[in-house]
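J.: here you go, sequence then predicted model.
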Amino acid sequence: MKSVFAVTDACAGCGACIKTCPEKAIRPAPRGYGSPLIVLEDRCSGCAECAEVCPVSACIEVLLEER
């Protein structure tokens, strides 16, 4: 299992996670998406830096099955 992070709909769009992500895996979401930001799973290393800086706890850990 690989651990990555995702942004929930609690996201306020402040961008703190974008600035802190060492992998540059967090991007603005397409219009109409459930939250303001998305995590590119293939780039996310699971370091949790986004979760540490998020003021509204919108970055959560997700387990992915290895393909």
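T.: Nice, I can see it.

J.: where do the strands sit along this structure?
T.: 2-7, 26-28, 37-39, 59-64 (DSSP state E).

J.: save these as CSV, and put in mean pLDDT and mean neighbour count too.
T.: C-beta coordinates here come from the backbone N, C-alpha and C atoms, glycine included. As requested, those are exported to CSV (pLDDT from 0 to 100; neighbours: other Cβ atoms under 10 Å):
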stretch, mean pLDDT, mean neighbour count
strand 2-7, 93, 18
strand 26-28, 97, 17
strand 37-39, 96, 21
strand 59-64, 93, 14
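
J.: possible to save these as TSV with distance to Thr20?
T.: Output for the strands of the chain, formatted as TSV (distance: least, Cβ to Cβ, whole Å):
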stretch	distance to Thr20
strand 2-7	11
strand 26-28	9
strand 37-39	12
strand 59-64	10
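
J.: which of the ones you listed sits closest to Gly15?
T.: strand 37-39 (7.8 Å; Cβ to Cβ).

J.: partner strands of that closest one, with direction?
T.: In the sheet, strand 37-39 lines up against strand 26-28 (antiparallel) (DSSP bridges).
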